[in-house]
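[1] Turn this into a structure:
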Amino acid sequence: MANNRYELNKELAQMLKGGVIMDVTTPEQARIAQEAGACAVM
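    Numbering: from 1, shown residues only. This is a model prediction of the structure:
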């Protein structure tokens, strides 16, 4: 179980490398975040 957790965290870190997760409240903010290089929005 611990090894699976480590692998999951490692893969998540690789996926998010080079970008940030932006907290947005409108579709316009989401578009701006995407253009700025956000890897995910919430």
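[2] which residues does residue 32 contact?
    Residues counted as contacts of residue 32 (C-beta atoms under 8 Å, 6 or more residues apart in numbering): none. C-beta coordinates here come from the backbone N, C-alpha and C atoms, glycine included.
[3] mind listing the helices for the protein?
    Here the chain has its helices, by DSSP state H, at 2-16, 27-36.
[4] Distance from the longest one to the middle of the chain?
    The reference is to helix 2-16. 13 Å (C-alpha atoms, centre = their mean, to the nearest Å).
[5] how about TSV for the helices of the chain, with distance to residue 42 and mean pLDDT added?
    As requested, the helices of the chain are exported to TSV (distance: least, C-beta to C-beta, whole Å; pLDDT from 0 to 100):
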stretch	distance to residue 42	mean pLDDT
helix 2-16	13	83
helix 27-36	10	89
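[6] didn't residue 33 look like it was pressed against residue 24?
    Yes: at 5.7 Å, residue 33 and residue 24 qualify as touching, with contact defined as C-beta atoms under 8 Å.
[7] more crowded one of these two?
    For residue 33 versus residue 24, the count of surrounding residues by other C-beta atoms under 10 Å is larger for residue 33: 19 against 15.
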